[in-house]
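Novice: turn this into a model:
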Amino acid sequence: MRELFDVTLRDDDTPMSEGELIEALKTCDILVPTVTDDINAKVIGQAGDRLKLIANYGAGVDHIDVQTARQRGILVSNTPGAVTDATSAIGMKMKPAAEPSSTRPAMTRPRPSVTPSSLTATRLCSSATAS
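Specialist: Coordinates of the predicted model:
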């Protein structure tokens, strides 16, 4: 993205605080949040005039106040079905983390942590067929 656009990327997987989100929205054109970012009415209400799109990095929009965004003329998008093919792989990756330690086989490495970047798909798919 940096090659094509003037972007600011978060370098770690920690959720942005409300203050960080408010500061980011004052100057950005597009926000690409993850499910861990709470894009509530207070945050959207302080967005700058440049913000035109909240493009969620995921399938849902439960963490985004869509009504407030709509009132401000900000589009909200998501990616339904975009990760359907990768869902089972993600589930298998998360399975050890979900098992109680008493039923989990002895592991020689630490229990895996689950973060947005650890669930990044390794390939892109499309359900559209060529004509």
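Novice: go ahead and confirm A59 touches P80.
Specialist: Yes - between A59 and P80 there is a contact under Cβ atoms under 8 Å: 5.1 Å. For every residue, glycine as well, the C-beta is placed using N, CA and C.
Novice: quick one, strands of the protein?
Specialist: With strands called from DSSP state E, the chain shows them at 30-31, 53-55, 75-77.
Novice: of those strands, which is nearest E20?
Specialist: strand 30-31 (11.5 Å; Cβ to Cβ).
Novice: what strands line up against that closest one, and which way round?
Specialist: Sheet pairing of strand 30-31 (DSSP bridges) gives strand 53-55 (parallel).
Novice: contacts for the partner strand next, please.
Specialist: In this structure, residues lying in contact with strand 53-55 by Cβ atoms under 8 Å, 6 or more residues apart in numbering are 29-33, 39, 64, 69, 74-78.
Novice: mark which of those residues are buried, thanks.
Specialist: Of all the contacts of strand 53-55 considered here, the ones buried according to neighbour count by 16 or more other Cβ atoms under 10 Å are L31, V32, P33, I39, I64, A69, I74, V76, N78.
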